[in-house]
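> Can you look at this prediction? I've put the sequence above it.
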Amino acid sequence: MLTRPIFSRLLLLLFLISSLSLQAQMTSPNWVSATDIGSNGKALTLGGPVAFDKQGNTYEAGSFNNSKRVGDTVLTSRGDLDIYLAKYSPAGKRLWLRQVGTPFMEYVKDVVLDQAGNAYVTGSFVSSIAVGNNLTLNGAASGEGRSFVIRYSSQGQPEWVQQSTTQARFDGIGIDAADNVYLTGTFLDSVTVGSSTITASPDDFVMFLAQLSATTGAVQWLIPVYHYPPQPYVFYYTYPQLAVAPDGAVYFLNTFYEPPVFPGGPTLTSRGESDVLIARYSARGTLEWVRQYGGPDRDWIEDGAVDAAGNLYVTGFITGAASFGPVASSGAGDADGYLAAYSPQGDVRWVQRAEGIGNGFWSGVCLDPTGNPYVTGGFAGTTKAGAFSLTSAGGLDVGVAAYSAQGAVRWMQRAGGPNDDFGTHLGVDAQGDAYVFARFQGACAFGPFTLTAPVTDDVYQNGLAHLSSTPVVASLPLAFYPNPASDQLHLPGLSAGTPVQLLDALGRVARTITVSAAAQVSVQGLLPGLYTLRATDAKGQSFAGKVVVE
């Protein structure tokens, strides 16, 4: 049996080895802020869309019933479901908020920004709505659902509306460098948007693609993408998305169960429960190619982004093994997140999978100013990408990773607590700082910043967190003592009130505390072992070090 002095010396030796190893590895950026920006309400509102501009501002759209807190404001719905659009500063401060609603149901599906910060929001509605600025969406006398696009200025002023005049769903939306707007969605039998109409065979379920003028919302063209023939069995509805290149090339993205039939093109068949398809169209609406990937189990696409050269980056999860064209990716059985890159010609450039013991997924993807992809999502247990690995603090945790355009993993970062937390969207500003939109329950730690919320089934809080482009130094560049410690740890280089976290050997937050007026933090009550100490000072500079607790 080891005596306490021998045990302490062994821990100190491990500490020194760990410090040398940390200094030799690439370091990850640090969390410099985290803000609770509102309750998420019922599970129905979970998937609200989010977009980011190059200044680090965040635009959040969503649907809610009853009441919902958005930043420092509580909204009350006017009926069944209302919609809203909010803009936040890089620090998470709400800049403005717009609500649209009637006694009936309105629902938001997607939001995208142009270069000037104008926002384009898609969704569905039933009854006529006064949007504001003398703009109106016209409902059907029969009460059937219709869909809309609303353009808001960067100051939140509604500037134009476009809608279907038949029953349809508007889902994904995208925009090119010339500010042409691209819209996708679904209809049964026929769809009319503006003066353009598509008519399908009776009972055919059809995906469509349209181009709109960003200035007026007028329809430039409207085409069918593919259809599902009438089904004799259960039909699974999925939500198509768009990723648009600067030159107007459009990537149509969707998960499918039943066989999609492209007019004049291929008919695809899933290799398992579900597969993913990508179809590329020119800016004039001409189909250029279709690609499929997946395996014998369930595979899913979550998001896509396109770089200046037209290369496409897509995220989601695969369950088990999956084939991306000629590139095969093995699986561990549970769901694993993936990031895949395609050339403009439809060739698979590379596939990177985040391997883990538990379930994991990558949801949002974006590109930094030099074209490097960033992803966010969630993972349980452990997840590994390249030479980097993360360990969950319990349940799902938020995961963030940065890759090079060639597929090399540059860094990984996490946030979370004992309950389920996950990232949904992210953006990168002109300086390379990342902004992560996350859902969380209970206590969720973003480095030294901890957000808290009640733990309720199917109810999440929304968090907005900022990752600095300045990497974390892997060792604490100031004196602290004693080490080992059993009572008070002295941190003479940190001012009173500085938040400090102590993480155990599994990366779980063991204690969050602030530095006292005597420049101390207590380690009393912690189990003996090796801990990581993290702190961020008032200037936003982060520090980390190892301390042995006896």
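Sure, I can see it.
> Gly304 against Leu312, yeah?
Yes: Gly304 lies in contact with Leu312 (Cβ atoms under 8 Å); the separation is 6.0 Å. Every residue, glycine included, has its C-beta placed from N, CA and C.
> what sits opposite Tyr182 in the beta ladder?
Tyr182 has these beta-bridge partners by DSSP bridges: Gly174, Gln211.
> these two touch, right, it and Ala243?
No: applying Cβ under 8 Å, one finds Tyr182 not in contact with Ala243, separated by 9.7 Å.
> which residues of the stretch 451-550 of the chain fall in strands?
Taking DSSP state E, counting those that start in this stretch as the test, the strands found in the stretch 451-550 of the chain are 461-471, 488-490, 499-503, 509-514, 520-522, 529-536, 542-549.
> Direction included, what does the first one pair against?
Its sheet considered, strand 461-471 pairs with strand 29-39 (antiparallel), strand 434-440 (antiparallel) by DSSP bridges.
> Which residue, other than its chain neighbours, is closest to Thr452?
Ala443 (4.9 Å; Cβ to Cβ, 6 or more residues apart in numbering).
> can you map out the helices along the stretch 151-300 of the chain?
Ranges of helices in the stretch 151-300 of the chain, per DSSP state H, counting those that start in this stretch: none exist.
> So which residues of it form strands?
158-163, 168-175, 180-188, 190-193, 196-199, 205-213, 219-228, 241-244, 250-256, 275-281, 287-294, 299-306.
> wait, which of those strands is closest to Glu144?
strand 168-175 (9.8 Å; Cβ to Cβ).
> Run through who's touching that closest one.
Strand 168-175 is contacted from outside by 109-114, 120, 122-124, 145-149, 164, 181-187, 191, 193, 208, 214, 239-244, 250, 253, using Cβ atoms under 8 Å, 6 or more residues apart in numbering.
> if I look at Phe104, how far off is Gly139?
Phe104 is 8 Å from Gly139, where distance means Cβ to Cβ, to the nearest Å.
> any common contacting residues for the two?
With Cβ under 8 Å, 6+ apart as the test, Phe104 and Gly139 both reach 125-127.
> Closest one of those to Pro344?
Phe125 (36.5 Å).
> how deep is that closest one tucked in, by neighbour count?
Around Phe125 sit 26 other residues, with neighbours defined as other Cβ atoms under 10 Å.
> residue contacts, it?
Phe125 is in contact with 102, 104-107, 137, 139, 145-148, counting by Cβ under 8 Å, 6+ apart.
> The residue nearest to Thr452 contacts Phe449, correct?
No: if you go by Cβ under 8 Å, Ala443 and Phe449 don't touch, sitting 11.1 Å apart.
> Any buried residues in the lengthiest strand in the chain, and which?
Looking across the chain with DSSP state E, the single longest strand is strand 388-403. Across strand 388-403, burial judged by 16 or more other Cβ atoms under 10 Å covers 388, 390-403.
> Just flag the most distant two among those residues.
Gly394 and Tyr403 (26.8 Å).
> so where's this protein uncertain?
1-26, 40-47, 232-235, 331-333, 470-479, 506-508, 537-542 (pLDDT under 70).
> sorry, back to before: the residue nearest to Thr452: neighbour count?
By other Cβ under 10 Å, neighbour count at Ala443 equals 18.
> quick thing: my sequence starts at 778, can you match it?
I'll keep to 778 as the first residue from here, and by that count the last item is Ala1220.
> so how far is Gly1158 from it?
Taken as Cβ to Cβ, the span from Ala1220 to Gly1158 is 19 Å.
> same thing with Leu1279?
Per Cβ to Cβ, Leu1279 is found 22 Å from Gly1158.
> quick one, which of those two is more surrounded?
For Leu1279 versus Gly1158, neighbours defined as other Cβ under 10 Å are more numerous around Leu1279 (21 against 17).
> residues in contact with that one?
1286-1290, 1298, 1300, 1303, 1308-1311, 1324.
> Where do the helices of the stretch 1128-1277 of the chain begin and end?
Counting by DSSP H, counting those that start in this stretch, the stretch 1128-1277 of the chain has no helices to list.
> What sits closest to Gln832 if chain neighbours are left out?
Asp1206 (6.2 Å).
> gap between the closest residue to Phe1199 other than its chain neighbours and Ala1112?
Nearest non-adjacent residue to Phe1199, counting by Cβ to Cβ, 6+ apart: Gly1155, 2.9 Å away. From Gly1155 over to Ala1112 the distance is 10 Å, taken as Cβ to Cβ.
> same deal with Gly1204?
For Gly1204, the distance to Ala1112 equals 25 Å [Cβ to Cβ].
> before we move on, what about Leu960?
From Leu960 over to Ala1112 (counting by Cβ to Cβ), the distance is 30 Å.
> what's the answer for Arg1068, then?
Distance, Arg1068 to Ala1112, using Cβ to Cβ: 21 Å.
> Same question for Gln1301.
Distance from Gln1301 to Ala1112, by Cβ to Cβ: 41 Å.
> next one: Met984
25 Å.
> and if you look at Gly825?
Counting by Cβ to Cβ, the gap from Gly825 to Ala1112 is 22 Å.
> same check, this time on Thr993
43 Å.
> Could you do Trp937 as well?
Trp937 is 41 Å from Ala1112, by Cβ to Cβ.
> Could you do Ser931 as well?
Counting by Cβ to Cβ - Ser931 and Ala1112 are separated by 38 Å.
> again with Phe1165
From Phe1165 to Ala1112 the distance is 19 Å (Cβ to Cβ).
> ok, now Phe1039?
Where Ala1112 is concerned, Phe1039 sits at a distance of 28 Å (Cβ to Cβ).
> Would you mind listing the buried residues in stretch 1218-1232?
Quick answer for stretch 1218-1232 (16+ other Cβ under 10 Å): 1218-1228, 1230.
> The residue nearest to Gln832 against Gly833, yeah?
Yes: the criterion here is Cβ under 8 Å, and Asp1206 meets it with Gly833 at 4.0 Å.
> Find the residues that touch each one of these two.
Counting by Cβ under 8 Å, 6+ apart, the residues touching both Asp1206 and Gly833 are 867, 1212.
> Show me where the stretch 778-927 of the chain has its helices.
781-801.
> the strands in it, which residues?
Using DSSP E, counting those that start in this stretch, strands in the stretch 778-927 of the chain cover 806-816, 827-829, 835-841, 844-847, 850-853, 859-865, 871-877, 883-890, 896-902, 906-909, 912-914, 923-929.
> gap between the first one and the chain center?
Looking back up the chat, that one is strand 806-816. Counting by Cα atoms, centre = their mean, to the nearest Å, strand 806-816 is centred 14 Å from the centre of its parent chain.
> okay, that strand in CSV with CA atoms only?
Presented in CSV, the C-alpha positions along strand 806-816 are these (Å, rounded to 0.1, in the frame of the first residue of the first chain):
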residue,chain,number,x,y,z
PRO,A,806,-8.8,28.1,-28.6
ASN,A,807,-10.3,29.1,-25.3
TRP,A,808,-13.9,30.0,-24.3
VAL,A,809,-13.9,33.8,-23.6
SER,A,810,-17.7,34.2,-23.0
ALA,A,811,-20.9,32.3,-22.7
THR,A,812,-24.4,33.8,-22.4
ASP,A,813,-27.8,32.3,-21.6
ILE,A,814,-30.0,33.8,-24.3
GLY,A,815,-33.3,32.1,-23.5
SER,A,816,-35.4,29.1,-22.7
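> Sweet, I'm off.
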